[in-house]
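> coords please:
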Amino acid sequence: MTTDATASAPETRKFEAEVAQVLHLVTHSLYSHKEIFLRELISNASDACDKLRFEAIANPGLMAGEAELRIEVSADKAARTITIRDTGIGMSRDEVVANIGSIASSGTRRFLEALGSEQKADARLIGQFGVGFYSAFVVAERVTVLTRRAGDPAQAGVRWESDGRGEYTLEPATLDARGTTVILHLKESEDEFLDDWKLRGLVRKYSDHVAFPIRMPKAAADTQDEAAADAPEWESANDASALWTRPKGEIKDEEYQGFYSSLGHDFNPPAAWTHNRVEGSQSFTTLLYLPAQPPFDVLMGGRDERKGLKLYIKRVFIMDAAEELLPNYLRFVRGVVDADDLPLNVSREILQHNRQLERIKGACVKRVLDLIEKLSRDEPEKFAAFLKAFGNTLKEGIVEDAGNRERIARLLRFASTRGEGAAQTVSLDDYVGRMSAGQDAIWYITADGHAAAAGSPQLEAFRARGIEVLLMSDRIDEWMVGHLHEYAGKPLRHVAKGELPLDEAEKKRQEEAASAAAPLLERLKTLLEGKVEDVRVSARLTDSPACLALAEHEMAPHLAHLLREAGQAVPESRPILEVNPQHALLHRLAATTDDAQAADLATLLLEQARLTAGAPLADPAAFVQRINRLLAG
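This is a model prediction of the structure:
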């Protein structure tokens, strides 16, 4: 492939700091699954072929000289090298510097953060952050890259080389063909990878579904002449067919799982998958996977690191992360969409305003929700693990996807006052199915933690009446449930918001209690003037002295606190304090003639109510001093 390099002296450059850090970790720390270096380098080669095929749609001349897109893998035992060559797009000198020598994206930084969070560094992580090239240094003491971009003259080739110790060299090279060749000079301890059977096994294991032929030299015993070693005959080492284009009945589970591993760089098997072909006025194929646990790129990237699905049109790769194919709340889904009816020159701008794509997106959402529902019915243990990993992400769909709101709500699970601990959860269908006679609402409470929700004094009257309450303790729940106004025709109501519905007998008792406690209520209003909106007798309390009541659309205190901590503007509001006149603290307050002590008791009641509602104390030191005075007095 190469002719003599130009006479220019090699230029030595340092890696950017974070790349050097990655290389140090790779060469000194990563030890498990070393074999994935071949998967990563073949994956890069496949991407290069995909990119050339796409660019050649608009510029067919880029394919000049070598029409076939392919990947070649070979080993030289005498030289102790492994060579991976592709006939793809290749790289210019600037692209080599940007893609290998420096930070082209945030992937390297997030990779380092992920390794920092692991007790044991693991090579399995490397492919998830777009830094797969560096896996070459897991087995190689030196790596050489020869590359020329399609369309550039032979003299525009580039030779890159490094031992992974902080520097690399760059020099011009005259290359007679486009594409990229990566040569791994193996470490002394890695001879196993020079065996032909080993390399073939790894290609089959990790790259069988790469849609381009992966060629390897025929074994010497299979060749017809002794010159084979000098001019090897090449044979295909993979199926070289897109898995999703084959009939479902011909594909084994192991093949689906292997394709998922190559697609998502995830060594764990997927929780479930769905493979469908739609024929008609608009034809397309989807192959969608639910991960069993969050890949690190999802955990580290969050909402801003959208991955999307791989988009192909008529089997031509278009883009790696087509975000328009799924809504954001399903961003954890991995997979492929291959459409027959979209233009090959499609761009992200066209995708955003394409009606055909909207129909494909709707079909993808339906398939994913169908798949999750099937998992909930058929494999409850897998479903529970899936919800633990992705339940909060799925809850975003309650806000983002009004058309599927009830379907999504049916999939969610919540702790409840009928369960034993946070691990025991119920569906909304379970709740509705066992609602008490005459109960017309689904009751819930939100709090910053399961213990806070389960121990809230606002639940006392509900427990006394045998009414089940859902305990929502994830930070997203207050935001989510604000958009889930009803389910199965039943309104959702927060136990602390508004006034409780009472029958006639209960209303009469409540009025009598409020009348009897009128002097106490007036005294509390005076003592807490400016701190509360109102003070009233509670229908919620049976054992506790006080609690906060919220207006129907008021934000829960724990959420307001979180938003303020995040720098968000939250309107100030004064709470309604509800009290239990039968409690000993209220008797003591009613009986005391010491104004200072009465003020301490009144303030303490409000502070206790704020604490149990998840709101912070404005002055913890003053709170402690108040308690000490009351205990000493």
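> in stretch 594-610, what's buried?
597-610 (16 or more other Cβ atoms under 10 Å). Just so you know, the C-beta spots here come from the backbone N, C-alpha and C atoms, and that holds for glycine as well.
> Please apply the same query to stretch 568-576.
Buried-residue list, stretch 568-576, by 16+ other Cβ under 10 Å: 575-576.
> Please state the offset of that stretch from the chain centre?
32 Å (Cα atoms, centre = their mean, to the nearest Å).
> With stretch 443-457 instead?
27 Å.
> Export it to CSV, keeping only CA atoms.
Coordinates of each C-alpha in stretch 443-457 appear next as CSV, following Å, rounded to 0.1, in the frame of the first residue of the first chain:
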residue,chain,number,x,y,z
TRP,A,443,-53.6,9.6,46.9
TYR,A,444,-49.9,10.1,46.9
ILE,A,445,-47.2,12.0,48.8
THR,A,446,-43.8,13.2,47.5
ALA,A,447,-40.7,13.5,49.7
ASP,A,448,-37.0,13.6,49.4
GLY,A,449,-36.5,9.9,50.3
HIS,A,450,-38.6,6.9,51.1
ALA,A,451,-38.3,7.2,54.9
ALA,A,452,-39.4,10.8,54.8
ALA,A,453,-42.4,9.9,52.7
ALA,A,454,-43.4,6.8,54.8
GLY,A,455,-43.0,8.7,58.1
SER,A,456,-44.9,11.9,57.1
PRO,A,457,-47.5,12.9,59.7
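> care to break this protein down by domain?
Taking automatic domain parsing as the criterion, the chain consists of the domains 11-239, 244-378, 414-494, 504-632.
> what about the second one, how long is it end to end?
Put plainly, it is domain 244-378. 24 Å (Cα to Cα, to the nearest Å).
> Report all helices and strands that the helix or strand hosting Thr526 contacts.
Taking DSSP states H and E as the definition, one finds Thr526 inside helix 518-527. Counting contacts by 3 or more Cβ pairs under 8 Å, 6 or more residues apart in numbering; DSSP states H and E, helix 518-527 packs against strand 534-537, strand 576-579, helix 584-591, helix 595-612.
> What average pLDDT does the first one get?
Right, the one you point to is strand 534-537. Confidence over strand 534-537 (mean pLDDT, whole number) is 94.
> coming back round to it: would you mind putting the CA coordinates of the helix holding Thr526 into PDB?
Extracted C-alpha coordinates of helix 518-527, given in PDB (Å, rounded to 0.1, in the frame of the first residue of the first chain):
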ATOM      1  CA  ALA A 518     -60.500  29.000  68.400                       C
ATOM      2  CA  PRO A 519     -58.600  30.800  71.200                       C
ATOM      3  CA  LEU A 520     -55.600  28.500  70.600                       C
ATOM      4  CA  LEU A 521     -55.700  29.100  66.900                       C
ATOM      5  CA  GLU A 522     -55.800  32.900  67.400                       C
ATOM      6  CA  ARG A 523     -52.900  32.800  69.800                       C
ATOM      7  CA  LEU A 524     -50.800  30.800  67.300                       C
ATOM      8  CA  LYS A 525     -51.600  33.200  64.500                       C
ATOM      9  CA  THR A 526     -50.400  36.000  66.600                       C
ATOM     10  CA  LEU A 527     -47.200  34.200  67.700                       C
END
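> Now do that helix: distance to the chain's middle.
Here the centre of helix 518-527 is set off from its chain's centre by 52 Å, with Cα atoms, centre = their mean.
> what's the answer for stretch 199-214, then?
28 Å.
> again with stretch 163-172
That offset, for stretch 163-172, works out to 35 Å (Cα atoms, centre = their mean).
> Can you get me a residue count around Leu371?
A total of 18 residues lie near Leu371 under the criterion other Cβ atoms under 10 Å.
> do Lys187 as well
Lys187, neighbours per other Cβ under 10 Å, totals 16.
> likewise the one 5 residues further on?
Other residues near Glu192 number 12, with proximity taken as other Cβ under 10 Å.
> What segments of the stretch 301-450 of the chain are strands?
309-313, 316-322, 334-339, 414-416, 425-426, 442-446 (DSSP state E, counting those that start in this stretch).
> looking at these, which has the lowest confidence?
Among the strands of the stretch 301-450 of the chain, strand 316-322 carries the lowest mean pLDDT (a mean of 75).
> Could you dump the strands of the stretch 301-450 of the chain into JSON lines with mean neighbour count added?
Putting those into JSON lines (neighbours: other Cβ atoms under 10 Å) gives the following:
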{"stretch": "strand 309-313", "mean neighbour count": "23"}
{"stretch": "strand 316-322", "mean neighbour count": "19"}
{"stretch": "strand 334-339", "mean neighbour count": "24"}
{"stretch": "strand 414-416", "mean neighbour count": "21"}
{"stretch": "strand 425-426", "mean neighbour count": "19"}
{"stretch": "strand 442-446", "mean neighbour count": "23"}
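> Kindly reformat those strands as TSV containing distance to Glu188.
Formatted as TSV, these follow (distance: least, Cβ to Cβ, whole Å):
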stretch	distance to Glu188
strand 309-313	39
strand 316-322	37
strand 334-339	38
strand 414-416	56
strand 425-426	54
strand 442-446	60
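> Nearest to Arg377, out of those?
Shortest distance between Arg377 and the strands of the stretch 301-450 of the chain, using Cβ to Cβ, is found for strand 425-426: 15.8 Å.
> Tell me the secondary structure at Leu69.
Taking DSSP: H, G, I helix; E, B strand; the rest coil as the rule, one finds Leu69 in the coil state.
> Make residue 1 into 51 and carry on from there
Yep, numbering from 51; the last one is Leu119 now.
> That one and Met113, how far apart?
Distance, Leu119 to Met113, by Cβ to Cβ, to the nearest Å: 8 Å.
> same deal with Gln508?
70 Å.
> cool, Arg455 as well?
Applying Cβ to Cβ to Arg455 and Met113 gives a distance of 49 Å.
> count of residues packed around the residue nearest to Ser426 when sequence neighbours are not counted?
Once flanking residues are discounted, Ser426 sits nearest to Phe433: 4.5 Å by Cβ to Cβ, 6 or more residues apart in numbering. Residue neighbour count, defined by other Cβ under 10 Å, stands at 21 for Phe433.
> Ok, the one 5 residues further on next?
Residues contacting Lys438 under the criterion other Cβ under 10 Å number 14.
> Please point out which parts of stretch 129-144 sit buried.
130-143.
> now stretch 251-261
252-253, 256-261.
> From those, pick the one nearest Arg559.
For these, the nearest to Arg559 is His259 (70.8 Å; Cβ to Cβ).
> Identify the residues contacting the closest one.
His259 is in contact with 288-289, 291-293, 305, 308-309, 312, counting by Cβ atoms under 8 Å, 6 or more residues apart in numbering.
> quick one: pLDDT of it?
77.
> Kindly provide the distance from it to Asn288.
8 Å.
> for Ile107, same thing?
Ile107 is 25 Å from Asn288, by Cβ to Cβ.
> what about these two, which has more around it?
More neighbours surround Asn288 than the other of Ile107 and Asn288, with 22 against 14 (other Cβ under 10 Å).
> Verify the contact between the more buried one and Arg265 for me.
No. Using Cβ atoms under 8 Å, Asn288 makes no contact with Arg265, being 9.0 Å away.
> Name the strands paired with the helix or strand hosting Arg135 and say parallel or antiparallel.
Using DSSP H and E, Arg135 maps to strand 131-136. The pairing partners recorded for strand 131-136 under DSSP bridges are strand 121-126 (antiparallel), strand 229-236 (antiparallel).
> after that strand, next one along is what?
Downstream of strand 131-136 (by DSSP H and E), the next one is helix 143-146.
> for that following helix, packing partners?
Using 3+ Cβ pairs under 8 Å, 6+ apart: helix 143-146 touches strand 207-212, strand 217-223.
> starting at the chain centroid, how far to it?
Taking mean C-alpha positions (Cα atoms, centre = their mean), helix 143-146 and its chain are 32 Å apart.
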